[in-house]
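Student: A predicted structure for the sequence below; I have some questions about it.
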Amino acid sequence: MTVPKKYSLLVFLSIVALVLSACGAKSNESVIATSVAMTVEAEHTQAAQSTPTATAAPALTLPALATLTPITTKAPPTAPPQGSGNFTPCYSATFVSDVSIPDGTIVSPGETFMKTWRVKNDGSCPWNSSFKFVFIDGDIMGGAYVYAFPGVAAPGQTVDIPIQLYAPAATGTYTGNWKIQAPDKTIFGVGEYSVPLSVKVVVGSGTPENNKTQSAYGITNVTYDVTRECTSANTFYTIAAHITSNGPVTANFMWVQSDGNNDSKNSITFASATTKTITRDWSQHIGSSSSERWAQIIVTDPAYQEFPKVTLPPLCW
């Protein structure tokens with residue numbers, strides 16, 4: 001049987017103690033104390049070496065959670081507010097032109113005349129005979145305060161609105177303002193700010209000797225429309241000039257073009273205040289310069305007048 005190391009050590013110490021006791025009590029005490037201390041330290045060291053070392057438990061690794069994407073919801077579409085760019089009001093109108101008696105027309109005292117406006121329906125509701133044309137303010141000039149609407153105009157269409165008026169007996173300048181009335185009593189004018197349609201006339205004495213009414217007639221406005229036709233070799237333009245007079249007059253005028261191809265021998269005669277249209281053709285061959293092209297009407301008689309230029313669309317190539 002093997003004696004444990006711990007008991008062997010104790011036996012050895014006991015023997016040493018007995019031997020030393022024979023050598024003197026005083027010296028023996030010191031030796032014994034030293035031996036005991038060494039024994040205790042040895043036991044502690046042995047115990048430490050024999051004690052199993054605690055091992056930290058491995059950290060528990062949890063599986064990563066899936067990243068959740070938040071769900072977003074879109075708000076339901078709402079109708080654009082009134083006045084926004086995508087909103088078309090029920091009642092909206094645009095002035096297109098004066099068909100007769102443009103502003104500034106000279107008339108004789110007491111003269112009967114027919115004023116006609118051309119207006120476009122820019123709203124979303126159609127116009128029909130249930131609409132009316134009503135006087136707003138200014139000079140009534142012998143007309144009625146309310147006129148029946150003259151026709152039908154679906155959204156995007158135009159309609160001519162004529163009313164019969166009478167020039168006042170006294171000379172001077174007179175202006176009357178008118179608007180459209182819907183069946184629900186909504187009253188509206190033309191343009192973004194719903195301005196009224198106006199009629200403005202100059203009443204003369206009726207004799208050129210007294211007030212020079214004849215010399216006052218002339219061209220009051222020129223506007224243009226341009227169409228373009230493309231072929232494999234040419235670009236063809238047609239320029240339509242809309243010339244308006246304020247009374248009976250024969251006017252001499254010239255076409256002026258940016259390429260210098262001018263035409264100075266032209267005339268146009270008006271029996272009354274109205275608008276007439278004349279046309280001019282202009283063609284360019286393939287390979288022509290791409291520089292800007294324009295045309296212009298210049299009236300030379302009865303008074304020299306330069307009207308704005310019209311710029312032509314670019315060439316087809």
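Tutor: It's in. Numbering: from 1, shown residues only.
Student: Let me see the contact set for residue 261.
Tutor: Listed by Cβ atoms under 8 Å, 6 or more residues apart in numbering, the contact partners of residue 261 are residue 282. C-beta: built from backbone N, CA, C; applies to glycine.
Student: Just the pLDDT for it.
Tutor: If you check residue 261, the pLDDT there is 88.
Student: quick one: terminal-to-terminal distance for stretch 309-317?
Tutor: Using Cα to Cα, to the nearest Å, one end of stretch 309-317 lies 24 Å from the other.
Student: cool, stretch 120-137 as well?
Tutor: Distance across stretch 120-137, first residue to last, is 22 Å (Cα to Cα).
Student: now it: mean pLDDT?
Tutor: Throughout stretch 120-137, pLDDT has a mean value of 96.
Student: What residues of that stretch count as buried?
Tutor: Of all the residues in stretch 120-137, those buried under the rule 16 or more other Cβ atoms under 10 Å are 120, 121, 123, 125, 127, 131, 132, 133, 135.
Student: okay, those in a markdown table with distance to residue 297 and secondary structure next?
Tutor: Output for the buried residues of stretch 120-137, formatted as a markdown table (distance: Cβ to Cβ, whole Å; DSSP: H, G, I helix; E, B strand; the rest coil):
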| residue | distance to residue 297 | secondary structure |
| --- | --- | --- |
| 120 | 25 | strand |
| 121 | 30 | strand |
| 123 | 34 | coil |
| 125 | 38 | coil |
| 127 | 34 | strand |
| 131 | 37 | coil |
| 132 | 38 | strand |
| 133 | 33 | strand |
| 135 | 35 | strand |
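Student: Max pairwise distance over those residues: which two?
Tutor: Largest separation among the buried residues of stretch 120-137 by Cβ to Cβ: 125 and 135, giving 22.7 Å.
Student: ok, back up a step: kindly indicate which of the buried residues of stretch 120-137 lies nearest residue 302.
Tutor: Of the buried residues of stretch 120-137, the one sitting nearest to residue 302 (Cβ to Cβ) turns out to be residue 120, at 33.0 Å.
Student: give the contact list for that closest one.
Tutor: Residue 120 neighbours (Cβ under 8 Å, 6+ apart): 93, 94, 95, 96, 153, 156, 157, 158.
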